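Q: everything below, folded, please.
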Amino acid sequence: MSSTLGRLGELMGDPGRERVEVPWERSVERLGVRLPQDYRELVERYGYLEFGGDIRVSTPVLEPGGPEEETFNGLYYFNKDVGEMLDGWYEWNPELGRPYEPFPKEGCLLAWANNTMCDYFCWDTSVGDPEQWPVVVWRFDTSELIPFDGGMADFLTALLAGEFPDAREMISPSVPQWRSR
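A: Okay, here's the model as predicted:
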């Protein structure tokens, strides 16, 4: 198991599937950024992921044979939609200011997952180095932007272990912790 996944890889165990090769250089072309190593490792090892029946990790297209230049279109359009919603949300909640830029601006929030409760799980790309991007949880329905002092793998570990505040509101404890397809 890769050290970039750390405790998350230990919690999840063997994915029971073949590793997928992803043309990660395309992320820079399409999204304007290099994605963090823990995310790349998670996607290559586990593929499409869902946590607790609620959180869906957005991934590049993983089916072989498709046009390589379209691999990151889904992530791009997902982030474009999230960025437009964040921009509108700032207009509806002017008292909150604009602590994070919406996608596709430089140093923006870049969403990597969402759930059925209208929460968006993002990286704060203003930090610069993708390996240092902290996670920010945008709780749309409660008008909160909650920073997490750690990357995606650390955040998912805290969520699965119930160590993140409101973890049980974000994922269902009655559903298997994760599944890959």
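Q: ranges for the helices of the protein?
A: Here the chain has its helices, by DSSP state H, at 6-12, 25-31, 37-46, 73-92, 152-160, 167-170.
Q: look up how far F72 lies from the most centrally placed residue in the chain.
A: Residue closest to the mean C-alpha point of the chain, counted by C-alpha atoms, centre = their mean, is W112 at 2.2 Å. Distance of W112 to F72, computed by C-beta to C-beta, to the nearest Å: 12 Å. Every residue, glycine included, has its C-beta placed from N, CA and C.
Q: re earlier: which residues touch the residue nearest to the centre of the chain?
A: Shown in contact with W112 (C-beta atoms under 8 Å, 6 or more residues apart in numbering): 39, 57-58, 121-123, 152.
Q: quick one: pLDDT of V82?
A: On the pLDDT scale, V82 is placed at 96.
Q: for it, which non-adjacent residue is closest in space?
A: Excluding the flanking residues, the one nearest V82 by C-beta to C-beta, 6 or more residues apart in numbering is A111, at 4.4 Å.
Q: do the same with F78
A: S58 is the one closest to F78 (C-beta to C-beta, 6+ apart), at 5.2 Å.
Q: can you give the contact residues for the lowest-mean-pLDDT helix or strand in the chain?
A: Ranked by mean pLDDT, DSSP states H and E, the weakest helix or strand in the chain is strand 178-180, scoring a mean of 71. Residues outside strand 178-180 that contact it (C-beta under 8 Å, 6+ apart): 12, 15-17, 46-52, 160.
Q: possible to save those as CSV with neighbour count, pLDDT and distance to F140?
A: Shown next, in CSV, are these (neighbours: other C-beta atoms under 10 Å; pLDDT from 0 to 100; distance: C-beta to C-beta, whole Å):
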residue, neighbour count, pLDDT, distance to F140
M12, 21, 84, 27
P15, 18, 85, 30
G16, 7, 83, 34
R17, 11, 84, 32
Y46, 23, 89, 26
G47, 17, 87, 27
Y48, 14, 85, 23
L49, 21, 88, 21
E50, 19, 87, 19
F51, 23, 83, 18
G52, 20, 77, 18
L160, 20, 85, 22
